[in-house]
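1. Sequence and predicted model, in that order:
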Amino acid sequence: MSDCIFCKIVNGDIPSSKVYEDDCVLAFNDINPQAKVHFLVIPKSHIGSVDEINESNSNVVSHIFTTIPKIAKKVGLTNGYRVITNCGQDGCQSVKHLHFHVLGGEQLSEKMA
């Protein structure tokens, strides 16, 4: 999508602080970190949200979830971390491109809000 900020990051039109990249996914540091370590993992192909996951693209999501532990280990998250995704307006999804927040590096609050 031409107006999607994450698609522009994938294409290299907008710079990012890359943490990991392969053929299917890109991980980069969040510009507004909510924890000592906070990065996003996104599919390189545009999937709008969890609502758009289907049989034809679920392999990408599976790949993301097998890659997150590798990235977490690489950045030193050895004592745990949190993975969050927001979906839709009520879920506070600000960028309409599926993405997973990975937060850690410190004791996180048990409260989600």
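-> Alright, I've got the coordinates.
2. can we go C-alpha only for contacts and neighbour counts from here?
-> Will do.
3. what's around K70, how many residues?
-> 12 (other C-alpha atoms under 10 Å).
4. Can you show me the helices along this protein?
-> Secondary structure of the chain (DSSP state H): helices located at 5-11, 58-74.
5. right, so these: which one is the most enclosed?
-> With neighbours taken as mean count of other C-alpha atoms under 10 Å, those reach their highest mean count in helix 5-11, at a mean of 17.
6. can you give me the end-to-end distance of stretch 87-102?
-> End-to-end distance for stretch 87-102: 16 Å, by C-alpha to C-alpha, to the nearest Å.
7. could you pull out the strands for the chain?
-> 18-21, 25-29, 37-43, 81-84, 100-104 (DSSP state E).
8. Any chance you could list what contacts the third one?
-> Contacts of strand 37-43 with the rest of the structure, by C-alpha atoms under 8 Å, 6 or more residues apart in numbering, involve 6, 19, 24-30, 33, 60-61, 64, 68, 97-106.
9. Now, of those, which are buried?
-> For those, a burial check counting by 16 or more other C-alpha atoms under 10 Å picks out 6, 19, 25-30, 60-61, 64, 68, 97-105.
10. Take the helices of the chain and lay them out in TSV including mean pLDDT and distance to V41.
-> Output for those, formatted as TSV (pLDDT from 0 to 100; distance: least, C-alpha to C-alpha, whole Å):
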stretch	mean pLDDT	distance to V41
helix 5-11	96	10
helix 58-74	98	7
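11. okay if I get those helices as JSON lines plus distance to Q93?
-> Shown next, in JSON lines, are these (distance: least, C-alpha to C-alpha, whole Å):
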{"stretch": "helix 5-11", "distance to Q93": "13"}
{"stretch": "helix 58-74", "distance to Q93": "17"}
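12. Below-threshold pLDDT in the chain: ranges please.
-> 1, 113 (pLDDT under 70).
13. For S49, give me its contacts.
-> So S49 contacts N86, C87, G88, K96, H97, L98, H99 (C-alpha under 8 Å, 6+ apart).
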